[in-house]
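# Starting from these lines, generate the structure:
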Amino acid sequence: MNKKIYTGVLILSLIFLLFGGEVNTPALSQSPSGYIRLVRSMAFDETGVSNPVGIAFSIQADNFHVVGMQGQNLPASLAITQMDRFAGQSDTDLITASAVEPINLAFDNKAGRLLIYQNATNTLVEVKQDSEGNLLPPSLTTHEVQQFGVQSPQGMSVDSQSGDLFILDTVGPQIVHVSPGADGTFSGAAVSSVDLGSVGGSNLRGVAVDPSTGNFFVVSPDELKLYEIHATGVVAAVRDLSGFGIVNPQGLVFAPSGDQTDDPTTMSLYLADSGALTAGDSTSTTPSQMIDGTTDIHTAGQIVELSMIEIPAAGTAAFPSALVATRDLSLLSPPIPDPTGLTYVSTSNTLVVSDSEVEETVNGITQFQGANVWELTLDASVVVTGNISYIPPTILAFSNEPNGVAFNPSNGHYYFTDDNANFVFDLAPGPDGQMWTADDVLDG
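I've put the predicted structure just below:
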C-alpha cells in the first residue's frame with residue numbers, strides 16, 4: 001500500500017475512534033441518573049379507583065381528582081373521584097365529556113378549574129370549582145382548541161403560578177405549551193412547543209411541571225423510566241422506576257407531600273399506575289372485569305407517591321450508652337403486664353405508663369386490677385393509678401386501648417392514642433388539679 005494512503009487511513013481511523021462515538025451518541029446517554037425513592041403506594045381500598053389513569057390536584061380542595069381506565073368504548077360521561085392526600089376518598093362527580101382518554105385532565109389552580117381534553121372534537125372541557133374546592137358540573141363549558149395542533153395527547157399539566165397549559169403530544173414527540181389570555185380563555189392563546197426528540201421514543205405518558213425548577217417530567221411505560229426534561233427539551237435526568245412495583249405508569253402530577261410531618265412546601269410526584277394488562281393476558285391473577293362489554297384481564301392499579309429528595313444519612317458519630325436499670329412492671333401492684341405507652345411528666349418528675357391489653361381476659365385469666373394507666377416514680381414505684389377503660393371500676397371511661405401517651409407541660413394535658421378508635425384523646429385535670437379523678441376533662 002502506498003505510504004501516504006496508509007497514513008491517511010490510519011489518521012481517519014484514529015479520528016473515528018476518538019470522536020466518532022461522541023458525534024453519534026444521542027444526548028440521552030449523557031443524562032445522569034437522578035435520585036428517586038418510593039414514599040408509599042395507595043391501592044383501590046384507599047383510592048376508590050381500581051385502575052387509575054388520569055390524576056390532577058386541586059390546591060383549594062387539597063384533593064386529587066382521579067379517573068380510571070375507561071375500556072375500549074369511551075363512555076359519554078367521565079367519573080372523577082376525589083381523594084385527599086392521605087388516601088381518603090370523598091366523592092365522585094360525573095362530568096359530561098365524551099370520547100375522553102382519562103389521562104388527559106389537569107387542574108388549573110390559578111383559575112380554579114378542571115380541564116379535560118377531548119381529542120376527537122379538538123375541544124377543551126372546563127369545570128369550575130366552588131369556594132370549598134368542590135367541582136361544579138353545571139358550570140361545564142367547552143373551548144375550541146384546534147389551533148393547538150395537538151395530534152395524539154397523552155397527558156396534561158397546568159403551571160399553578162402562570163396558568164400555562166402543557167400537553168404531551170406523542171406525535172413528535174413534543175410538549176405543546178399554551179399560554180391562555182389574561183381572562184383565562186384559549187381563543188387567542190399563544191402556542192409553542194418543546195421538542196422531545198432527545199428522549200428517543202414516542203411511547204410516552206403523562207406530563208408534570210416541577211414547581212421548583214420548571215422542568216417537565218414524562219414517563220415511559222415500556223422502559224419504566226421517568227424522564228426529567230429542561231424547558232429547552234434537553235434531558236436533565238433519567239430515573240429508573242422498575243424497582244417500585246409499577247406496572248403501567250400513566251398520569252403524573254406534583255402535589256404536597258402526604259407525610260404530615262413534612263414541611264408544607266415539600267412536594268412529591270404522584271403517579272397513576274393503571275396496572276392494566278392486555279386482554280386475555282394469562283399472567284394476571286385477578287378476575288376479569290367487564291368494561292363497556294369488553295372483558296379485560298388486568299392487575300390492580302395503584303397511585304404511588306415518589307420523592308426526589310434524599311433522606312439525610314444517619315449520623316455516624318459514636319454515642320456511648322450504658323444500661324442504668326431494668327424494672328419488671330408486671331411485679332407492681334396493680335401489675336402492668338403489657339406496657340405500651342410511656343411519657344415523662346416534667347412538672348412532677350414522674351413517668352406515666354399505659355397498658356392497652358391489661359383489661360382483657362384470656363382463657364379465663366386476667367391480670368386486670370382496676371387500672372390501665374399508672375403514674376410512677378423514676379425508680380418505678382407506684383404514685384397513683386387510673387382506669388380509663390370501660391371495665392369497672394372506672395371513673396372516666398374512654399379507651400380500652402391506650403397504646404400511646406404523651407404529656408404537654410405547657411398546659412398539663414395528656415394525650416392518648418387508641419388504635420381501635422383511630423383517635424387521639426386529650427385529657428386534662430379538672431378543678432381539683434389532680435389527674436385520674438372524677439372531674440378530669442376529656443376532649444377527643
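# Geometrically speaking, which residue is the centre of this protein?
E305 (3.5 Å; Cα atoms, centre = their mean).
# Give the closest residue to it in space, chain neighbours not counted.
V39 (4.2 Å; Cβ to Cβ, 6 or more residues apart in numbering). Just so you know, the C-beta spots here come from the backbone N, C-alpha and C atoms, and that holds for glycine as well.
# Looks like the one you found contacts I303 (just checking).
No - using Cβ atoms under 8 Å, V39 is not in contact with I303, being 11.2 Å away.
# Give me the more crowded residue out of the two.
Under the criterion of other Cβ atoms under 10 Å, the comparison of V39 against I303 puts I303 first, with 24 against 16.
# what about the residue lying closest to the more buried one once chain neighbours are set aside, neighbour count?
Closest residue in space to I303, ignoring its immediate chain neighbours: M42 at 4.7 Å, by Cβ to Cβ, 6+ apart. If you count neighbours by other Cβ under 10 Å, M42 ends up with 25.
# Show me the domain layout of this structure.
Listed domain ranges for the chain are 31-279+289-307, 329-443 (source: automatic domain parsing).
# ok, back up a step: partner residues bridging the residue nearest to the centre of the chain?
Applying DSSP bridges to E305 gives these bridge partners: R40, Y270.
# Got the confidence number for A182?
Per-residue confidence (pLDDT) for A182: 89.
# In terms of helices and strands, where is it?
Under the criterion DSSP states H and E, no helix or strand holds A182.
# how far away is it from A189?
Distance check for A182 against A189: by Cβ to Cβ, to the nearest Å, it reads 11 Å.
# Just want to know which of the two has more residues nearby.
Counted by other Cβ under 10 Å, A182 and A189 do not tie: A189 has more neighbours, with 18 against 7.
# looking at it, the more buried one is touching P180, isn't it?
Yes - here A189 reaches P180: they are 5.0 Å apart, a contact under Cβ under 8 Å.
# How about the contacts made by the residue nearest to I303?
87, 302-305 (Cβ atoms under 8 Å, 6 or more residues apart in numbering).
# wait, which of the residues you listed is closest to L332?
Closest to L332 out of these is A87 (40.8 Å), distances taken as Cβ to Cβ.
# Tell me which residues touch the residue nearest to S220 when sequence neighbours are not counted, please.
Sequence neighbours aside, L204 is the residue nearest to S220 in space, at 5.8 Å (criterion: Cβ to Cβ, 6+ apart). L204 is in contact with 154-155, 168, 170, 173, 196, 218-220, 227, counting by Cβ under 8 Å, 6+ apart.
# Does T350 touch L376 like I think?
Yes - counting by Cβ under 8 Å, L376 is a contact partner of T350 at 6.3 Å.
# Which neighbours do those two have in common?
Contacts common to T350 and L376, judged by Cβ under 8 Å, 6+ apart, are V383.
# Run through the neighbouring helices and strands of the helix or strand where L124 lies.
Using DSSP H and E, L124 maps to strand 123-128. Here strand 123-128 touches strand 113-118, strand 141-144, going by 3 or more Cβ pairs under 8 Å, 6 or more residues apart in numbering; DSSP states H and E.
# For the protein, give me the ranges with low pLDDT.
For the chain, applying pLDDT under 70 flags the ranges 1-31, 71-76, 87-90, 96-99, 201-202, 276-298, 315-317, 444.
# need the helices for it, in chain order.
Assigned by DSSP state H, the helices in the chain fall at 3-15, 21-24, 44-47.
# Contact partners for P221?
203, 205, 248-250 are the contacts of P221 under Cβ under 8 Å, 6+ apart.
# looking at those, which has the most residues close by?
Q250 (27 neighbours).
# quick one: that one and R205 touch, right?
Yes - counting by Cβ under 8 Å, R205 is a contact partner of Q250 at 5.2 Å.
# Give me the neighbour count for L329.
16.
# Tally up the residues packed near S381, please.
10.
# what do you get for P256?
Around P256 there are 17 residues (other Cβ under 10 Å).
# Just to check, N63 is in contact with D84?
Yes - N63 lies in contact with D84 (Cβ under 8 Å); the separation is 5.4 Å.
# quick revisit: given the strand holding L124, what are its sheet partners and their directions?
strand 113-118 (antiparallel), strand 141-144 (antiparallel).
# Output it as PDB, nothing but the C-alphas.
Extracted in PDB, the C-alpha atoms of strand 123-128 (Å, rounded to 0.1, in the frame of the first residue of the first chain):
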ATOM      1  CA  THR A 123     -62.200  20.800  22.400                       C
ATOM      2  CA  LEU A 124     -61.100  21.600  26.000                       C
ATOM      3  CA  VAL A 125     -63.800  21.000  28.700                       C
ATOM      4  CA  GLU A 126     -63.700  23.300  31.700                       C
ATOM      5  CA  VAL A 127     -65.400  22.600  35.000                       C
ATOM      6  CA  LYS A 128     -65.200  25.200  37.800                       C
END
